[in-house]
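1. structure for the following, please:
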Amino acid sequence: MKKKPISKKAYPAHRSLRIRTSRKRRPARKSPGSRLSPSRPESPPELQSSLTGTIEHPFPAVRTEESVPQPQSLTEFTPAQQTPGEPICIAHKNMRVLLVTPLLEPALAEGGQSIPEAMRLLVKELIVLKAYEGFSDAFARFHPDLVLFIGGNEIVSPADLKRIRQTNIPSAVWMNDERGVTGHMRHMAQAFDYVFTQHQSHLDAYREAGCTNVRYLPFPADPEIFSPQKSMDAERFDVLIIGDAAPQKEAFIDVVRGFSPELRLFAVGKGWGAHFVPALPSLNGEGMRDLYNRSGLIIQWEPVQRRVFEAASCGVFQLVEASEDLFKYMRNGVDVVSFADAAELSSLLNGYAGQADRKRMIASQALWSTHYDYSSLHIVMELLQFVASAA
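-> All right, here's what the predicted structure looks like:
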């Protein structure tokens, strides 16, 4: 059955009326088009300076939430990957969206409440439902312009999947597939018109399953959780490693352990017991935020982009293994510093040792970018514009 197009209703006629009054004329205001410019606000001059030499850092040495520049207007936000000069699609402003969240898992555990909050700012109306059996009955009750399902790990009833497949309402699924694509996820994705995945390496898996509109779109960091926080010196450690201590990563581990015998290490991942490094297999939410803020340096290999966003939101300098996911949103040497092998990681550790100003400047630029390049609002807007433009 042919899907109905995304609604692009015109504003009521009275919206265009101009009423003449005898009040004193005010100075001319900037047109809406200028505020919807695809270019993000300029970084502070200090952040545009060279990496060499002494840097007058605009943020205090102790990271605090007050140091984060606040956006001036919602209309200033545009997706990080918007092509200069490309017209901005605002069809989503007239959309009614039905957002379906996991039934048993914590609602939006990865993106937090920032996803529905951003959605409310970008669409005409948002209805949020749990994925209980028979949730698709709500389609006839609410008549949404888009059904957006977030998750993918839970089993959805065959009847609900059948109704999603047969309805003329455009539907999208934002997969929580950070740890891989399962057979259940492939089967589930076939019912939706649009599929959003956490890794670019997963695109082919969904395309081979018959999905045509597939896009890489990582979950954003929730700014209500992940932000700069103070920590006591006794709680701090030198390096936080995010990644498993797998055999193929032994060279990375040897570089970090050999950098300094007195290095205080902590890890989030599996297999660290054999290396006598304090570690947790996994952590989310405020527990992960506290680890980020206790770190002098974060090293990530086989990174999940959401984790990189979270650390950036806490204002911490990061060395991240290079990946195609990373470079879509973040700039090497500007927001993060990437490494391709053990030799490059060793060179970077030695090169940045004692370079507090350089590390602080890069971390601060990433913190700035979490508000102007890859915030929750940007990521959700990218999803909506992709759906609206493809409809």
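
2. now do the same contact list for the nearest residue to A172 once chain neighbours are set aside.
-> In space, and not counting its chain neighbours, A172 is closest to Y194: 3.8 Å by CB to CB, 6 or more residues apart in numbering. For the C-beta atoms, the positions are set from N, CA and C on the backbone; glycine is no exception. By CB atoms under 8 Å, 6 or more residues apart in numbering, the contact list for Y194 reads P170, S171, A172, V173, N213, V214, R215, F386, V387, A390.

3. again, 6 Å this time
-> A172, N213, V387 (CB atoms under 6 Å, 6 or more residues apart in numbering).

4. which of those fall within strands?
-> Taking DSSP state E, the ones among those that sit in strands are A172, N213.

5. now do the strands in the stretch 51-200 of the chain.
-> 96-101, 125-130, 146-151, 171-175, 194-197 (DSSP state E, counting those that start in this stretch).

6. out of the ones you listed, which gets nearest to I362?
-> Across the strands of the stretch 51-200 of the chain, I362 has its closest neighbour in strand 194-197 (28.1 Å, CB to CB).

7. and whichever helix or strand comes after the closest one, how far out from the chain's middle?
-> Remark: after strand 194-197, the chain's next helix or strand is helix 203-208, criterion DSSP states H and E. Relative to its chain's centre, helix 203-208 lies at 22 Å (CA atoms, centre = their mean, to the nearest Å).

8. any low-confidence regions in the stretch 101-250 of the chain?
-> 105-112 (pLDDT under 70).

9. could I get the full set of helices for it?
-> Counting by DSSP state H, counting those that start in this stretch, the stretch 101-250 of the chain has these helices, from start to end: 114-122, 138-142, 158-166, 183-189, 203-208, 250-259.

10. pick the most deeply packed of those helices.
-> Burial of those is given as mean neighbour count (mean count of other CB atoms under 10 Å); helix 114-122 ranks first at a mean of 20.

11. in the chain, which residue is closest to the centre?
-> P220 (2.3 Å; CA atoms, centre = their mean).

12. what sits against T182?
-> By CB under 6 Å, 6+ apart, the contact list for T182 is empty.

13. returning to that earlier point: okay if I get the strands of the stretch 51-200 of the chain as TSV plus distance to M361?
-> Conversion of those to TSV gives the following (distance: least, CB to CB, whole Å):
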stretch	distance to M361
strand 96-101	38
strand 125-130	38
strand 146-151	35
strand 171-175	33
strand 194-197	33
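
14. can I assume the residue nearest to the centre of the chain is in contact with S376?
-> Yes. Using CB atoms under 6 Å, P220 makes contact with S376 at a distance of 4.2 Å.
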